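Participant: here is the input, now give the coordinates:
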Amino acid sequence: MTRKKILIRDLTLRDGQQSQFATRMNQNQVDRILPYFKEASFYAMEVWGGAVPDSVMRFLNENPWERLEKIKEGVGNKTKLTALSRGRNLFGYNPYPDSVIEGFCRNAIKSGIDIMRVFDALNDIDNYKSTIKFVKENNGIVDGAICYTTDPKFSLKERIKSLFSSEKLPPKIFTVDYFIKKSKELESLGADMITIKDMAGLIDPEMSAKIVKNLKREIKIPVDLHTHCTPGYGLASILMAIINGADIVDTVIYNFAGGPAAPAFELVKIFTDKLGIEIDVNIEAVVKINQELKKICEELKPFNTEYLYPREFNILKDSLPKDVEKLFDNSINYALKNNISKLLDEIHKIEDYFGFPKPNEIVKHAQIPGGMYTNMRSQLEQAKMIDMMERVLMAVPKVRLDSGLPPLVTPTSQIVGVQAVNCIMDEKNNKEWYTTKSSQFVNLVKGSYGKTPYKIDPEFRYKIARTREEIPYDVSNYKKQPNPVLEEFGGIPLAQNEKEELLLELFPNVAKNFLKKLREKEFNEKLKKDPDFLKKLKKKNRINDGIDDDLWDNLSYNI
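Facilitator: Numbers count the residues shown, from 1 in each chain. Modelled structure (predicted):
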């Protein structure tokens, strides 16, 4: 009998380091582990997109395109490289015109991306279409990612009140059927695989099993589950996905795993071995990666002072105590019997043994992403209103309902969270809710970011955005970012090629600073190599551009 096989998408170099260490891995740290990743031969590695391009420019003064190209060169072609893209928004809030999306997709694939994981914060299928089209045109693989979220929780008092009010509470929106419907739509658009993308770790094992099982019945393309461990569901939900037929699961190598990140590959491997499911990965290479990651964790500790080192564990050499082995066996038995509460009990004991963080109970009960909670808390601390945190958490479901029940993922989680704080500040100052509102919340309600899962009350839309009708973002008004000429560096454009122009389009302020430093560095290097470079440039530019002596004298003085 042929053993069943499951594919692994490793998240260590993108989601892993972003979740644990604020995306601060530098190129040297990445380079140290690339030879081992090449040996490991994961099905895929998520290495780009998300916060990576912004962070490597903003904090590390490195080129995002070079980061991607060096990873491709180091890993080779056996493992597929994945990037994360927010559909029509790419990396920002406002949608981009097709010209920018096409340029981004073409250059990302040319630089080494094989799989583009496309998602939209509203799960608005229209926002996926352009990216899917251009990825396919450039022979890339489309991973249609549907953002997982839960329905808001209302108290019994609120539900009773709604029965006698014109403001009715919604029916359940985010059901299994919702995710099936979205998956079918993406499959019909040409998606090559579907990911249930749970960026907050809110998918519990029961829902994981139901969605995966039904997807395998309803669609023909591979199914992947992506989740995190923040509220304590991650490892159990991955196990349930595997048992119910998932084709791919997302994991992080041990020292970068757990807590805010995804489950550890090594723990998933123990489960698959016990289930007789094959994972075609070189485990010796994974051990080498993990050993180097421990050193990198020490180097990156300043960016996460709450990071907990897990127990030392070498999956090739270390045998587990009998009672821990039994925890794994019990977990499988409970998963097969769909006994969710006992499954979670065993999984949490496993995670305790390995030293991973305990479940975040606030995130678990509030059903909001950890980053959203942290941002709301920070906002309240700055306003000296931290005592209002519980009240803000109670306001989140109402704000979310008013704004059309957007999934609580980046950036809508931050938009809703900030607005919930604003509403409670208004309340404390004896003002009406929504007296204070962010421009992003106005745009969300107006329709600038796309269609929300639940219809927004036209009167509420008018109150917030001064329109009763939904007004989509008009990309015909889009203006290309300026590419100024840097006279101080010899009259050259700030962006020298299409890839650099894309950086300016997608990250205007950050890229402007980064590229200016890069042009200055290049200019100084030319001067060092050729002492007569400045004289040649001066002569050329005098003839071609009429630049006066004062500018050149000043330039010479500065150099």
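
Participant: neighbouring contacts of stretch 211-225?
Facilitator: Contacts with stretch 211-225, where a contact means Cβ atoms under 8 Å, 6 or more residues apart in numbering, come from 7, 9, 143, 176, 179-180, 183-184, 187, 191-196, 198, 203, 208, 237-238, 240-241, 244-250. No exception for glycine: its C-beta is placed from N, CA and C like everyone else's.

Participant: and if we set it to 7 Å?
Facilitator: Counting by Cβ atoms under 7 Å, 6 or more residues apart in numbering, stretch 211-225 makes contact with 9, 176, 179-180, 183-184, 187, 191-196, 208, 237-238, 241, 244-250, all of which sit outside it.

Participant: against E381, how distant is D387?
Facilitator: Per Cβ to Cβ, to the nearest Å, D387 is found 10 Å from E381.

Participant: the two: which has the busier surroundings?
Facilitator: More neighbours sit around E381 than around the other of D387 and E381, counting by other Cβ atoms under 10 Å; the figures are 11 against 8.

Participant: which elements pack onto the helix or strand harbouring the more buried one?
Facilitator: Taking DSSP states H and E as the criterion, E381 maps to helix 370-382. Under the contact definition 3 or more Cβ pairs under 7 Å, 6 or more residues apart in numbering; DSSP states H and E, helix 370-382 sits against helix 361-366, helix 389-402, helix 412-428.

Participant: need these in CSV (columns: distance to E292 and mean pLDDT).
Facilitator: As requested, these are exported to CSV (distance: least, Cβ to Cβ, whole Å; pLDDT from 0 to 100):
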stretch, distance to E292, mean pLDDT
helix 361-366, 30, 84
helix 389-402, 39, 92
helix 412-428, 33, 93
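
Participant: which among the ones you listed is found nearest to S111?
Facilitator: Taking Cβ to Cβ as the measure, those were each checked against S111, and helix 412-428 came out nearest at 28.9 Å.

Participant: show me where pLDDT drops low in the stretch 351-500 of the chain?
Facilitator: Along the stretch 351-500 of the chain, no part satisfies pLDDT under 70.

Participant: the stretch 251-400 of the chain: helices as residue ranges?
Facilitator: 265-275, 283-300, 322-336, 340-354, 361-366, 370-382, 389-402 (DSSP state H, counting those that start in this stretch).

Participant: now do the buried residues in the second one.
Facilitator: In other words, helix 283-300. Residues of helix 283-300 classed as buried by neighbour count (16 or more other Cβ atoms under 10 Å): 285-290, 292-293, 296-297, 300.

Participant: looking at those, which is nearest R32?
Facilitator: If you rank the buried residues of helix 283-300 by distance to R32 using Cβ to Cβ, E292 comes first, at 5.6 Å.

Participant: separation between that closest one and E218?
Facilitator: Relative to E218, and taking Cβ to Cβ, E292 is found at 42 Å.

Participant: contacts only, for D98.
Facilitator: With contacts defined as Cβ under 7 Å, 6+ apart, the neighbours of D98 are S130.

Participant: now do it against K529, distance only.
Facilitator: On the measure of Cβ to Cβ, D98 and K529 end up 42 Å apart.

Participant: ditto for F356
Facilitator: F356 sits 52 Å away from K529, taking Cβ to Cβ as the criterion.

Participant: what about the two, which has more around it?
Facilitator: Taking neighbours as other Cβ under 10 Å, F356 and K529 compare with F356 leading, 25 against 8.

Participant: quick one: contacts for the nearest residue to that one once chain neighbours are set aside?
Facilitator: What sits nearest to F356 in space, not counting adjacent residues and going by Cβ to Cβ, 6 or more residues apart in numbering, is G258, at 3.4 Å. For G258, the residues meeting the contact criterion (Cβ under 7 Å, 6+ apart) are 229, 264, 310, 351, 356-357.

Participant: let's have these in JSON lines, adding distance to D273.
Facilitator: Listed next are these as JSON lines, based on distance: Cβ to Cβ, whole Å:
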{"residue": "C229", "distance to D273": "21"}
{"residue": "A264", "distance to D273": "14"}
{"residue": "P310", "distance to D273": "19"}
{"residue": "E351", "distance to D273": "18"}
{"residue": "F356", "distance to D273": "20"}
{"residue": "P357", "distance to D273": "25"}
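
Participant: my read: P458 touches R468, true?
Facilitator: Yes: taking contacts as Cβ atoms under 7 Å, P458 lies within contact range of R468: 4.0 Å.

Participant: next, R117: secondary structure please.
Facilitator: The three-state label for R117, taken from DSSP: H, G, I helix; E, B strand; the rest coil, comes out as strand.

Participant: swap that for E469, sorry
Facilitator: Three states are possible here, and by three-state DSSP the one that applies to E469 is coil.

Participant: check the burial of it by counting its neighbours.
Facilitator: Based on other Cβ under 10 Å, the number of other residues close to E469 is 10.

Participant: got it, and K349?
Facilitator: For K349, the number of neighbouring residues by other Cβ under 10 Å comes to 15.

Participant: that one contacts K326, correct?
Facilitator: No: assessed by Cβ under 7 Å, K349 is found out of contact with K326, at 9.9 Å.

Participant: hey, what's in contact with both of the two?
Facilitator: Overlap of the contact sets of K349 and K326 (by Cβ under 7 Å, 6+ apart) is empty.

Participant: look up how far K136 lies from the spatially closest residue to E187 that is not a sequence neighbour.
Facilitator: Residue nearest to E187 in three dimensions, not counting chain neighbours: I219, with 5.1 Å by Cβ to Cβ, 6+ apart. Relative to K136, I219 is positioned 18 Å away (criterion: Cβ to Cβ).

Participant: what do you get for T452?
Facilitator: Look at T452 and K136: by Cβ to Cβ, they are 27 Å apart.

Participant: neighbour count: these two, which is higher?
Facilitator: With neighbours defined as other Cβ under 10 Å, T452 and K136 compare such that T452 has more, 21 against 17.

Participant: enumerate every residue touching the nearest residue to the more buried one once chain neighbours are set aside.
Facilitator: In space, and not counting its chain neighbours, T452 is closest to G404: 2.6 Å by Cβ to Cβ, 6+ apart. Going by Cβ under 7 Å, 6+ apart, G404 touches 452-456.

Participant: is it fair to say G404 lies in a strand?
Facilitator: No: the assignment for G404 by three-state DSSP gives coil, which leaves it out of any strand.

Participant: tell me how far it lies from D151.
Facilitator: Applying Cβ to Cβ, one obtains 13 Å for the distance of G404 from D151.

Participant: buried ones among the contacts of stretch 211-225?
Facilitator: Neighbour counting over the contacts of stretch 211-225 (16+ other Cβ under 10 Å) leaves 9, 179-180, 183, 187, 191-196, 208, 237-238, 241, 244, 246-250 as the buried ones.

Participant: out of the residues you listed, which are inside strands?
Facilitator: Under the assignment DSSP state E, the buried ones among the contacts of stretch 211-225 contribute 9, 193-196, 248-250 to strands.

Participant: a markdown table for the residues you listed, including distance to K161 and pLDDT?
Facilitator: Converted to a markdown table, these look like this (distance: Cβ to Cβ, whole Å; pLDDT from 0 to 100):
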| residue | distance to K161 | pLDDT |
| --- | --- | --- |
| R9 | 45 | 98 |
| M193 | 44 | 98 |
| I194 | 39 | 98 |
| T195 | 38 | 98 |
| I196 | 34 | 98 |
| I248 | 44 | 98 |
| V249 | 42 | 98 |
| D250 | 41 | 98 |
